[in-house]
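Participant: Model the structure of this input:
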Amino acid sequence: MLLNNCNSDKFFYTAFGLYIMSDFLLPELLPASICTPDICISYGKVPINILNPVEKTDTYQVAKNQFLFQVQGIGRYYVTNGNRIVVNPAKRTEEHIVRLFLLGTSFGALLLQRGILPIHGSAVVINGCGVIFTGASGAGKSTLLAAFRQRGYSFLTDDVAAVTLKSDGAALVQSAYPQQKLWRDSAEEIGLDTAQLAPVYNGIEKKKYSIPVHNGFIQSPVSLVAVYELRAESCRDVTLKPLWGMDKLAVLLKHTYRCWLIKGLGLMEVYFKLCIAVARQVSVSRLTRPEGLFSLEEQVRLINQDIADCSLAAHL
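Facilitator: Now for the predicted structure:
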């Protein structure tokens, strides 16, 4: 849907607490009516090189306030100053694949440029509190989000959880957009019929599906109270271990989305301070489950109990 009053050839959206003006449709995002966008996305010519890159590889270049990358056969993307993304798609590339890298790596770089902490993970709302699930690929972040959703809990984001600080220093997790991506085994684990879904990624051995989820999606930011690092290990039971001090900080630094860009963008000090500020006020724990078993009922139980304990402690 085109909602605007000032630019008839543009599309307007909202995501991560930001207003976006785009040259092309982004059906994953929520439409908005706004004439002063925070971010402009456009089709255009992308430079071959950027001036004085701090890092340069065959696929990307990065410098202060600039990030240039290309995906073979998909397109080239140029992200600058935390407010602009230029996209140059390859010929005959399917639009949903172009958007996959736009809403993923491109937006990750843009959030970093804006001084927002993007944690690689999913976020749900439990007892009015924002809770993030993070961890390595395959740890079960999206699967656990889907398990909470099935139990009636609202959610804020899947894949990238954008954390900001209020003027008083309190941490918020921003609402992203109403979509979830699941690998086939995760979708089947929660009872979804993958035959009815269109894959957004077709690997040799695995497929990932994009699922629009408007029911239960919260459009406003929520106070962040807890981060859970998910791990699958050779063990018998699901365990939950609170982390303290530098261990808390290490989780936030390690699981920052596209953290390999921070140094090249010249933001090491900024993000270290931001992670410290979040770690000081947010509970961080490690949730370990047996390899090969999702153990979703036990994971949900342990997290609910932990959030209840955190809420009780906050009122003592």
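Participant: Around the spatially closest residue to Thr93 that is not a sequence neighbour, how many other residues sit close by?
Facilitator: Leaving aside its sequence neighbours, Thr93 sits nearest to Ile74 (CB to CB, 6 or more residues apart in numbering; 5.5 Å). Where you see a C-beta, it was placed from the backbone N, CA and C, and this is true even at glycine. Look at Ile74: counted by other CB atoms under 10 Å, it has 16 neighbours.
Participant: so what's Ile74 up against?
Facilitator: Going by CB atoms under 8 Å, 6 or more residues apart in numbering, Ile74 touches 89-90, 93, 97-98, 101.
Participant: Next up, phi/psi of it, please.
Facilitator: Torsion angles at Ile74 (phi, psi; degrees, to the nearest 10) stand at phi -110, psi -50.
Participant: Ok, the one 3 residues further on next?
Facilitator: Summarising the backbone geometry of Tyr77 under the convention degrees, to the nearest 10, its torsions are phi -130, psi 140.
Participant: In contact with it, which residues?
Facilitator: The contact partners of Tyr77, by CB under 8 Å, 6+ apart, come to 46, 67-71, 85-88, 101-102, 105-106.
Participant: hmm, 7 Å instead?
Facilitator: Contacts for Tyr77 (CB atoms under 7 Å, 6 or more residues apart in numbering) come out as 46, 69, 85, 87, 101-102, 106.
Participant: Give me the buried positions along the longest helix belonging to the chain.
Facilitator: The single longest helix within the chain, with elements called by DSSP state H, is helix 296-314. Buried positions in helix 296-314, judged by neighbour count with 16 or more other CB atoms under 10 Å: 296, 298-300, 302-304, 306-307, 310.
Participant: what sits up against it?
Facilitator: Helix 296-314 is contacted by residues 126-127, 129, 131, 144, 147-148, 151, 225-226, 228, 238, 240, 283, 285, 287, 289 when judged by CB under 7 Å, 6+ apart.
Participant: do stretch 55-66 as well
Facilitator: With CB under 7 Å, 6+ apart, stretch 55-66 has contacts from 49-50, 52-54, 68-70, 80-81, 113, 261, 264-266.
Participant: circling back to that earlier point, please produce JSON lines containing the buried residues of helix 296-314, extended by pLDDT.
Facilitator: Putting the buried residues of helix 296-314 into JSON lines (pLDDT from 0 to 100) gives the following:
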{"residue": "Leu296", "pLDDT": "93"}
{"residue": "Glu298", "pLDDT": "96"}
{"residue": "Gln299", "pLDDT": "96"}
{"residue": "Val300", "pLDDT": "97"}
{"residue": "Leu302", "pLDDT": "97"}
{"residue": "Ile303", "pLDDT": "97"}
{"residue": "Asn304", "pLDDT": "96"}
{"residue": "Asp306", "pLDDT": "95"}
{"residue": "Ile307", "pLDDT": "94"}
{"residue": "Cys310", "pLDDT": "76"}
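Participant: And the residues you listed, which is closest to Lys273?
Facilitator: For the buried residues of helix 296-314, the residue nearest Lys273 by CB to CB is Cys310; the value is 24.3 Å.
Participant: that older thread, can you tell me which of the contacts of helix 296-314 end up in helices?
Facilitator: Per DSSP H, the contacts of helix 296-314 map to helices at 144, 147-148.
Participant: Now distance to Pro31 too, for these, in TSV please.
Facilitator: TSV is the format used below for those (distance: CB to CB, whole Å):
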residue	distance to Pro31
Leu144	29
Ala147	29
Phe148	26
